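Trainee: what shape does this take:
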Amino acid sequence: MRLRLGGPSARAWWVAAPLLALAGAGIVAPFAWRSAAALAGCWQDGGCAEVLQPYYLDALLNTLGLSTLSTLLALPPALGLCALLAPRTRLHGPAAWLANLGANFAGVPLALAFTLLFGVQGVVTQLLGFAPLRLEGTSGLLAAYLCFQLPLATLLLLAPVALLDAQLEEAAATLGAGRARYWRRVALPLLAPSLVEVAVLLFANAAAAFATPFALAGGSADVLAVRLSSLVSGDLFADPRLPALLALMLFGLLALALLAGRWLGRRLARAAA
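Mentor: Below is the predicted model:
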């Protein structure tokens, strides 16, 4: 569709033009320039081999594993909680407020809470006589990620679940379908695009998390964001190409996840329609 000069769409473009120009000059252009320079130096000087070292590949694989596992573990209970809250409209406001609070309870406050509960002198550790979680290990990071992934999933799924037509469940019950069959055959196919988009956002949120793993385990946290930060702070002899390549790798990972989720969500939406 062609834009007509003076039309609403044309006016919107003219209004957004300064912001788009500022974003292009301050974000897109520097990012493209640094990415091109990093890739050119990588191919010319053989710097790509450093990124492929097991030290960084393990961090990449651990980041993928933590992000995927925390997403898969957070979605089902969040969906169940939203299904319970859907008919109780008076609880939507307080539930959204609590979920928003939990989704932002990350970083240093969350690490301090975990240390007080599961640290060497933590309350739970003293009661059990042993540490149930290794805070600097995969189990501790996964438990910490779930503390903000689960509220975030609840916050994002509350509106799509509430928009489900209650008459569909009544019609399914009239035809003899129970609640479980209704969710399996009707509700979940309708919610599939929203579930995919929420899963992608949860994956990106976990993959880019830095404050929580760094506050829990410091520089020993085996995730890509912490490895990247250790290369740009406190090292006088650091190679600037290596953090640039790692940042580009993290950006590519997140961009691929977002594009794949967008494509799959559109396919599921067309199938549901």
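Trainee: which residue ranges of the stretch 101-250 of the chain form helices?
Mentor: Using DSSP state H, counting those that start in this stretch, the helices assigned to the stretch 101-250 of the chain run over residues 108-118, 123-128, 138-162, 166-174, 179-182, 188-207, 211-217, 224-232, 241-272.
Trainee: please identify which of the ones you listed is closest to Arg90.
Mentor: Across the helices of the stretch 101-250 of the chain, Arg90 has its closest neighbour in helix 138-162 (12.2 Å, C-beta to C-beta). (Each C-beta comes from the backbone N, C-alpha and C, glycine too.)
Trainee: as a whole number, average confidence for the closest one?
Mentor: Mean per-residue pLDDT for helix 138-162: 90.
Trainee: stretch 258-273 now?
Mentor: Mean predicted confidence for stretch 258-273 is 82.
Trainee: kindly report the same for stretch 65-84.
Mentor: On average, stretch 65-84 scores 92.
Trainee: send me it as CSV with only the CA atoms.
Mentor: C-alpha atoms of stretch 65-84 as CSV (Å, rounded to 0.1, in the frame of the first residue of the first chain):
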residue,chain,number,x,y,z
GLY,A,65,20.5,-24.3,28.9
LEU,A,66,19.6,-22.0,31.7
SER,A,67,17.4,-19.8,29.5
THR,A,68,15.6,-22.7,27.9
LEU,A,69,15.1,-24.7,31.1
SER,A,70,13.9,-21.6,33.1
THR,A,71,11.5,-20.8,30.3
LEU,A,72,10.1,-24.3,30.1
LEU,A,73,9.7,-24.6,33.9
ALA,A,74,8.1,-21.1,34.3
LEU,A,75,5.4,-21.4,31.6
PRO,A,76,3.2,-24.3,32.9
PRO,A,77,2.7,-23.0,36.5
ALA,A,78,2.2,-19.4,35.2
LEU,A,79,-0.4,-20.7,32.7
GLY,A,80,-2.2,-22.7,35.4
LEU,A,81,-2.2,-19.7,37.8
CYS,A,82,-3.6,-17.4,35.0
ALA,A,83,-6.3,-20.0,34.3
LEU,A,84,-7.4,-20.0,37.9
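Trainee: before we move on, back to that, the helices of the stretch 101-250 of the chain into a markdown table, with extra columns for mean neighbour count?
Mentor: Converted to a markdown table, the helices of the stretch 101-250 of the chain look like this (neighbours: other C-beta atoms under 10 Å):
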| stretch | mean neighbour count |
| --- | --- |
| helix 108-118 | 17 |
| helix 123-128 | 12 |
| helix 138-162 | 21 |
| helix 166-174 | 12 |
| helix 179-182 | 13 |
| helix 188-207 | 20 |
| helix 211-217 | 21 |
| helix 224-232 | 20 |
| helix 241-272 | 16 |
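Trainee: what stretches of this protein score poorly on pLDDT?
Mentor: Applying pLDDT under 70 to the chain flags the ranges 1-12, 38, 41-51, 234-240, 272-273.
Trainee: centroid-nearest residue for it?
Mentor: Asn205 (2.4 Å; C-alpha atoms, centre = their mean).
Trainee: adding distance to Trp13, write the helices of the stretch 101-250 of the chain out as a markdown table.
Mentor: Converted to a markdown table, those look like this (distance: least, C-beta to C-beta, whole Å):
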| stretch | distance to Trp13 |
| --- | --- |
| helix 108-118 | 42 |
| helix 123-128 | 56 |
| helix 138-162 | 29 |
| helix 166-174 | 40 |
| helix 179-182 | 45 |
| helix 188-207 | 26 |
| helix 211-217 | 37 |
| helix 224-232 | 36 |
| helix 241-272 | 23 |
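Trainee: which one of these lies nearest to Trp14?
Mentor: Among the helices of the stretch 101-250 of the chain, helix 241-272 comes nearest to Trp14, with 27.5 Å by C-beta to C-beta.
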